[in-house]
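Novice: Predicted model and sequence follow; I will ask about them next.
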Amino acid sequence: MAGAGALLGAAAGEGILRRQAQRESAARTYARSLPIVPVRARGLTIEGADGRRYLDCLSGAGTLALGHNHPVVLEAIRGVLDSGAPLHVLDLATPVKDAFTTELFANLPAELAADARIQFCGPAGTDAVEAALTLVRTATGRSGMLAFTGAYHGMTAGALAVSGGAADVRVTRLPYPQDRNCPFGVGGAEGAELSARWTRSLLDDPKSGVPAPAGMIVEPVQGEGGVHPAPDAWLRRMREITAARGIPLIADEVQTGVGRTGAFWGVDHAGVVPDVMVLSKAIGGSLPLAVIVYRAELDQWAPGAHAGTFRGNQLAMAAGTATLAYVRENGLAERARTLGAHMLAALRGLIPSHPCVADVRGRGLMIGVELADPETGEASPAVAVAVRQACLDRGLIVELGGRHSSVVRLLPPLTLTDEQAAAVLDRLADALTAATRR
């Protein structure tokens, strides 16, 4: 990957970083923990302005299903550019949009695809969450929402309201199953069953203080919440509970979709068909795109009920069509399931020799390593920060998540090879050792 990008040089890169710190908002995030200046990228690899190469296991926070600059994505983008097609069309019909919708519907759960509608939203997943909330409130005539502790659904007002850190909102919090920090102190199948019973009781108790909600929103795997996969049986219970009470079920598949978890959609593992699916990140093939797809019976809102100037991103639709088709045709969901299981097993094998590793969990190529103080067993943000820096020193890009930012997250592209996976695991293991020696 040597070339013009590497010629920029370390000094020029440092100048860019300095000007970024002077000019950009205090709200910037990744730039603080990853002080690099990417100039070239292909697949798993990023090259910085100083010529250093990194293995990117952040993948645009899960956006890059095929990694950086995959040939089929670039070809799709060039095809639109060379065709003379308009790049901005609001929500008008175009051949590019039609091809994207056709490919997307071909990959939806069959029961949903048979009677689905699609709404193109603003280009971020959080806007699609807002659209989903508006949709179910309009269709049901109700306003309250059911959401889960640890959830993350975006940064706009409605999305924040149903996320785990919200305050002063009309959203009922339900316990999301987890083993290490189970709210009922039992974990496993028993903890998941207690969570389901709590949900059912809350909805059926006339004195619970929770009126009939407009919908329930759930992530098949909580990503920012610390990489907690929903147990399949529990997710089926949520589907049964909501269906029996006429409550639309919204699956937030922004990060879990397009093969990430080892199935095309996170809900596929449990065989659950939601009423609404929120989709973004990978469906744009690395470019901004967000949609919701939902049962036709919910399509009761008026024209303009949820609008946005940038709903017609032609380049993203073309890149998304190519990505969806490539994942489908090359069995990348199955590949993610197999390789992810191998990586999870290898990481769990580190636990006996690395006391700071409290837990390893995930699904497919959505993996989390929870770090703790070896003395107390409590979640340790400090150890996690040290491991992240040690990874970066070794040319591995990872990020943190979880309740206390103590979970190292791995989101490599679905095109990850066995050799690349081994390199990622080696560098992470070395970083764990180095960080805990400091």
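Specialist: Nice, I can see it.

Novice: Just confirm residue 356 contacts residue 434, I think it does.
Specialist: No: the criterion here is C-beta atoms under 8 Å, and residue 356 misses it with residue 434 at 11.4 Å. Quick note: C-beta positions are derived from backbone N, CA and C, even for glycine.

Novice: more neighbours, the two?
Specialist: Between residue 356 and residue 434, counted using other C-beta atoms under 10 Å, residue 356 has the larger neighbour count: 22 against 16.

Novice: List the buried residues in stretch 133-151.
Specialist: Residues of stretch 133-151 classed as buried: 133-140, 142, 144-151 (neighbour count, 16 or more other C-beta atoms under 10 Å).

Novice: Next, the distance between the ends of it.
Specialist: Across its full length, stretch 133-151 reaches 15 Å between end residues, using C-alpha to C-alpha, to the nearest Å.

Novice: mind showing which ranges of the stretch 1-150 of the chain have poor pLDDT?
Specialist: 1-7 (pLDDT under 70).

Novice: where do the helices sit along it?
Specialist: With DSSP state H, counting those that start in this stretch, the ranges of helices along the stretch 1-150 of the chain come out as 10-23, 30-33, 59-62, 71-83, 95-107, 110-113, 125-140.

Novice: what does the stretch 251-400 of the chain give?
Specialist: Using DSSP H, counting those that start in this stretch, helices in the stretch 251-400 of the chain cover 314-329, 332-348, 381-393.

Novice: would you turn these into a markdown table with mean pLDDT?
Specialist: A markdown table is the format used below for the helices of the stretch 251-400 of the chain (pLDDT from 0 to 100):
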| stretch | mean pLDDT |
| --- | --- |
| helix 314-329 | 98 |
| helix 332-348 | 98 |
| helix 381-393 | 96 |
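
Novice: Of these, which stretch is the most buried?
Specialist: By mean neighbour count, with neighbours taken as mean count of other C-beta atoms under 10 Å, helix 314-329 ranks first of these at a mean of 23.

Novice: Show me the contact partners of it.
Specialist: 65-66, 70, 72-73, 75-77, 79-81, 85-89, 94, 96-97, 99-100, 103-104, 106-107, 123, 258-259, 264, 282-289, 332-333, 414 (C-beta atoms under 8 Å, 6 or more residues apart in numbering).

Novice: Contacts only, for residue 381.
Specialist: For residue 381, the contact set (C-beta under 8 Å, 6+ apart) comprises 400, 404-406.

Novice: Which one (most neighbours) among the residues you listed?
Specialist: Sorting the contacts of residue 381 by how many neighbours each has (other C-beta under 10 Å) puts residue 406 first, at 26 neighbours.

Novice: Stretch 412-426: end-to-end distance?
Specialist: 15 Å.

Novice: out of everything not next to it in sequence, what's closest to residue 52?
Specialist: residue 395 (6.7 Å; C-beta to C-beta, 6 or more residues apart in numbering).

Novice: mind listing what that neighbour touches?
Specialist: Contacts of residue 395 (C-beta under 8 Å, 6+ apart): 52-55, 427.

Novice: just residue 164 next, same as before
Specialist: Residue 164 neighbours (C-beta under 8 Å, 6+ apart): 148-152, 173, 225.

Novice: tell me which element it falls in.
Specialist: Under the criterion DSSP states H and E, no helix or strand holds residue 164.

Novice: Okay, it and residue 228: tell me how far apart.
Specialist: 11 Å (C-beta to C-beta, to the nearest Å).

Novice: Quickly list what's touching both of the two.
Specialist: With C-beta under 8 Å, 6+ apart, residue 164 and residue 228 have common neighbours residue 150.

Novice: need the helices of the stretch 251-400 of the chain in JSON lines with distance to residue 221, can you?
Specialist: Formatted as JSON lines, the helices of the stretch 251-400 of the chain follow (distance: least, C-beta to C-beta, whole Å):
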{"stretch": "helix 314-329", "distance to residue 221": "17"}
{"stretch": "helix 332-348", "distance to residue 221": "11"}
{"stretch": "helix 381-393", "distance to residue 221": "19"}
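
Novice: Select, out of those, the one closest to residue 206.
Specialist: helix 381-393 (42.5 Å; C-beta to C-beta).

Novice: burial of residue 433, as a residue count?
Specialist: 15.

Novice: can I assume residue 224 is in contact with residue 152?
Specialist: Yes: here residue 224 reaches residue 152: they are 3.6 Å apart, a contact under C-beta under 8 Å.

Novice: Reformat the helices of the stretch 1-150 of the chain as a markdown table; add distance to residue 365.
Specialist: Output for the helices of the stretch 1-150 of the chain, formatted as a markdown table (distance: least, C-beta to C-beta, whole Å):
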| stretch | distance to residue 365 |
| --- | --- |
| helix 10-23 | 29 |
| helix 30-33 | 19 |
| helix 59-62 | 9 |
| helix 71-83 | 18 |
| helix 95-107 | 18 |
| helix 110-113 | 24 |
| helix 125-140 | 19 |
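
Novice: Quick check: phi and psi at the residue nearest the centre of the chain.
Specialist: In the chain, the C-alpha closest to the average C-alpha coordinate belongs to residue 255, at a distance of 1.9 Å (C-alpha atoms, centre = their mean). For residue 255, the backbone dihedrals (degrees, to the nearest 10) come out as phi -100, psi -20.

Novice: Which element, helix or strand, includes residue 247?
Specialist: Using DSSP H and E, residue 247 falls within no helix or strand.

Novice: Next, count neighbours for it.
Specialist: 22.

Novice: My guess is residue 361 contacts residue 230. True?
Specialist: No: look at residue 361 against residue 230 with C-beta under 8 Å: they stay out of range, at 11.7 Å.

Novice: which one of the two has more residues nearby?
Specialist: Neighbours were counted for residue 361 and for residue 230 using other C-beta under 10 Å; residue 230 has more, 28 against 21.

Novice: what's the nearest residue to residue 109 if we skip its chain neighbours?
Specialist: Nearest residue to residue 109, sequence neighbours excluded (C-beta to C-beta, 6+ apart): residue 273, at 4.8 Å.

Novice: Now intersect the contacts of residue 381 with the helices, please.
Specialist: If you go by DSSP state H, the contacts of residue 381 have nothing in helices.

Novice: which of those residues lies closest to residue 200?
Specialist: residue 404 (30.2 Å).

Novice: Now do the same contact list for that closest one.
Specialist: Contacts of residue 404 (C-beta under 8 Å, 6+ apart): 379-381.
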